[in-house]
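> Output the structure for:
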Amino acid sequence: MSGHSKWATTKHRKAKVDSARGKVFTKLSKEIMVAAKLGGDNPEGNFRLRIAIEKARESNMPADNIKRAIQKGAGGMEGENYEEMVYEGYGPSGTAVIMELMTNNRNRTAGEIRHILDKNGGNLGETGCVSWMFDRLGYIEIEKEKVKMDEEEFTLYAIEKGVDDLKIKEDIYELYVQIENLENVRKEIINDGIEIKEATLSMIPKNNVVVEDIEQAKKVIKLLETLEDHDDVQNLYSNVEIPEEILEALE
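A predicted model of the protein is given here:
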């Protein structure tokens with residue numbers, strides 16, 4: 001559920017998918033419920049709901065769970081009053097952290113998040129203290145094997161579709177677009193027969209903080225994993241970059 005930064009890569013390498021699935025489903029359900037409550041139960045006219053449903057499907061969330069969450073949200077979510085919040089702060093080695101949360105108890109959540117940061121070498125900051133280090137963008141991820149073009153051809157294709165930036169990784173393409181263009185670009189790519197692995201809104205760091213000390217890397221990873229594991233943290237973003245050799249040493 002994290003943003004697409006070097007932390008996302010780290011998290012995916014270390015993810016314990018099966019053990020975390022129940023917690024992931026809970027977070028996805030909350031996002032679907034709130035999206036349906038705010039924008040209605042029709043994903044065709046509710047972009048946020050459509051993105052939430054796609055994330056749920058990518059995580060193999062059962063269709064019945066998705067349907068129940070939509071119905072619960074559209075029905076007013078009786079007994080559930082989730083409030084959306086964004087917290088910003090710092091982790092070890094001066095890394096920046098942004099947390100998007102959904103809670104039914106602001107005071108409890110604030111205390112728990114502050115405790116996690118303090119215990120793991122970080123601290124909670126004021127609103128805006130690190131968000132200026134990130135760009136709010138649309139993100140599209142496509143597996144290379146799904147594209148019947150070489151890298152140069154696909155780069156030109158992406159530019160023609162309105163993609164602002166493209167990063168070529170070992171087995172995936174990462175496409176970045178302005179938020180208002182995300183839905184149109186997504187639709188055009190799908191209509192051209194290219195399967196998209198993920199399309200979402202994300203906070204992309206303008207510059208990464210490289211953590212090369214193995215002990216500091218351990219601390220950063222522990223902090224981010226603990227935050228990610230918190231029930232109220234829906235999305236987590238960081239500008240940390242941990243070199244490949246450090247990650248391998250930690251595995």
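> Let me see the domain layout of this structure.
15-74, 83-132+207-244, 133-205 (automatic domain parsing).
> Adding mean pLDDT and mean neighbour count, write those domains out as JSON lines.
C-beta here means a position set from N, CA and C on the backbone, and glycine is covered the same way. Shown next, in JSON lines, are these (pLDDT from 0 to 100; neighbours: other Cβ atoms under 10 Å):
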{"stretch": "domain 15-74", "mean pLDDT": "84", "mean neighbour count": "17"}
{"stretch": "domain 83-132+207-244", "mean pLDDT": "94", "mean neighbour count": "18"}
{"stretch": "domain 133-205", "mean pLDDT": "92", "mean neighbour count": "16"}
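> Tell me which of those sits nearest to Leu250.
For Leu250, the closest of the domains of the chain is domain 83-132+207-244, at 6.6 Å, according to Cβ to Cβ.
> where do the strands sit along the stretch 101-250 of the chain?
123-124, 134-143, 165-168, 172-177, 198-205, 209-210, 233-238, 240-241 (DSSP state E, counting those that start in this stretch).
> Could you list the residues in contact with stretch 104-115?
By Cβ atoms under 8 Å, 6 or more residues apart in numbering, the residues outside stretch 104-115 that reach it are 80-83, 85, 87, 99, 101, 103, 124, 227, 230, 232-233.
> any idea how far that stretch is from the chain center?
Shown here is stretch 104-115, whose average C-alpha point lies 21 Å from the average C-alpha point of the whole chain (Cα atoms, centre = their mean, to the nearest Å).
> With stretch 144-152 instead?
Between the centre of stretch 144-152 and the centre of its chain there are 25 Å (Cα atoms, centre = their mean).
> One more: stretch 27-38?
The gap between where stretch 27-38 is centred and where its chain is centred comes out at 15 Å by Cα atoms, centre = their mean.
> related to what we said a few turns ago, go through the strands of the stretch 101-250 of the chain and name the closest to Asn65.
Across the strands of the stretch 101-250 of the chain, closest to Asn65 is strand 233-238 (Cβ to Cβ), at 16.7 Å.
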